[in-house]
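Trainee: Starting from these lines, generate the structure:
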Amino acid sequence: MSSQVRPSPRGARLLLPVLLLAALLTAADVPYAAVLPAGARGLWGEGGQVARAGRSVVVGRHAAPGLLADLARRADLAGRRVSAVLGRPVRPLVVVPDSDAEAAGLAGTGRLDGLAAVADGGPAIVVPGSFARLTPTGRDVVLTHELTHVAAGTDRLPVWLYEGFADYVAYRDAGLPVRTAAAELAAEVRAGRLPSELPGPAAFAPTAADPGRLARAYQEAWLACRFLADRFGDGTLVRLYRDARVAGVDQALASVGLTAATLAARWREYVREQLA
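Mentor: Numbering: from 1, shown residues only. You can find the predicted model right below:
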């Protein structure tokens, strides 16, 4: 559903050149709505900007010069990374609102504290304040994560699976060490505190009582999917994900000889091996 701004590598510390097919297009160049995909029409009337690169389209209204073009290049790279895992073309559509409040309105939610982008079946929506604090690698990771949600879907799945799968795709080609990408969870493991179970919905809700819990939840979910890919391969992970959307996660796990309990046990050992 969303990508948060996390400490290294995803937050302020994290977290190929491609052919730019068109520079920024404004209403002065061509009718704004005429160049937009159907999912982005009507956002801001005729007052918007558009950038394209490869298969990607990025739309905004008052973006800083060059931002949309840079995002279009990054979205195209992210789309190709998603395509490499899912095995089919991805055509990214990214919306850049003027403010975090406008992003929340477009996403249909009250607040997006700590999030850098959101997506759930429609365009990926950038949260401009948080997104601006990411490093280039962090921006690539966040865009790939959100485009995975759009391309793969999330319905009928436990949150650990769809967030973990999106992070698996996002980190697969990012070149980051596991202990860097899972810094918060690694600190817990080194202190002798292994997670006891796969993260449920409550673990993905920010809480003042444990501000690091959200980061660890994403990291735990990521390592669950990374374990499945390491053990069975990318293709089996993708098939398991698709089967889980149709028949439920228990039946999908059974197809690779696992139950929820055996997955949790092997995942905990994998977390220990990777992060201790």
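Trainee: Please enumerate the helices of the stretch 151-276 of the chain.
Mentor: For the stretch 151-276 of the chain, the helices defined by DSSP state H, counting those that start in this stretch cover 159-172, 178-181, 183-190, 213-232, 234-247, 249-254, 260-275.
Trainee: which helices and strands sit right next to the shortest one?
Mentor: Using 3 or more CB pairs under 8 Å, 6 or more residues apart in numbering; DSSP states H and E as the contact test, the elements touching helix 178-181 are helix 213-232, helix 260-275. Every C-beta, even on glycine, is put in place using the N, C-alpha and C of the backbone.
Trainee: out of those, deepest packed?
Mentor: Most buried of the helices and strands packed on helix 178-181 by mean neighbour count (mean count of other CB atoms under 10 Å) is helix 213-232; its value is a mean of 22.
Trainee: That one versus helix 260-275: what angle between them?
Mentor: Counting by axes from the mean of the first three to the mean of the last three CA atoms, to 10 degrees, helix 213-232 points 100 degrees away from the direction of helix 260-275.
Trainee: What helices and strands are in contact with helix 213-232?
Mentor: Where contact means 3+ CB pairs under 8 Å, 6+ apart, helix 213-232 is packed against strand 2-4, helix 159-172, helix 178-181, helix 183-190, helix 234-247, helix 260-275.
Trainee: CSV for these, including mean pLDDT and distance to residue 146?
Mentor: Compiled in CSV, those are given as follows (pLDDT from 0 to 100; distance: least, CB to CB, whole Å):
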stretch, mean pLDDT, distance to residue 146
strand 2-4, 47, 6
helix 159-172, 98, 7
helix 178-181, 96, 17
helix 183-190, 97, 21
helix 234-247, 98, 16
helix 260-275, 98, 24
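Trainee: need these in TSV with distance to residue 77, can you?
Mentor: Formatted as TSV, the helices and strands packed on helix 213-232 follow (distance: least, CB to CB, whole Å):
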stretch	distance to residue 77
strand 2-4	16
helix 159-172	12
helix 178-181	18
helix 183-190	24
helix 234-247	18
helix 260-275	26
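Trainee: If you count neighbours, what's buried in stretch 158-172?
Mentor: Residues 158-172 are the ones in stretch 158-172 that count as buried (16 or more other CB atoms under 10 Å).
Trainee: Can you tell me which of those is nearest residue 113?
Mentor: Using CB to CB, residue 163 is the member of the buried residues of stretch 158-172 that sits closest to residue 113, with 17.1 Å.
Trainee: List the contacts of the spatially closest residue to the closest one that is not a sequence neighbour.
Mentor: Distance criterion CB to CB, 6 or more residues apart in numbering; nearest residue to residue 163, sequence neighbours excluded, is residue 221 at 4.7 Å. Contact analysis of residue 221 by CB atoms under 8 Å, 6 or more residues apart in numbering lists 159-161, 163-164, 167, 198-199.
Trainee: Tally up the residues packed near residue 134, please.
Mentor: Residue 134 has 25 neighbours, counted by other CB atoms under 10 Å.
Trainee: helix, strand or coil for the residue nearest to it when sequence neighbours are not counted?
Mentor: Nearest residue to residue 134, sequence neighbours excluded (CB to CB, 6+ apart): residue 116, at 5.9 Å. Here residue 116 takes the strand state, with states given by DSSP: H, G, I helix; E, B strand; the rest coil.
Trainee: Name the nearest residue to residue 87, ignoring sequence neighbours.
Mentor: residue 238 is the one closest to residue 87 (CB to CB, 6+ apart), at 7.2 Å.
Trainee: hang on, the one you found packs against residue 84?
Mentor: No - under the criterion of CB atoms under 8 Å, residue 238 makes no contact with residue 84, lying 10.8 Å away.
Trainee: who has more neighbours, these two?
Mentor: Higher neighbour count among residue 238 and residue 84: residue 238, with 18 against 13, using other CB under 10 Å.
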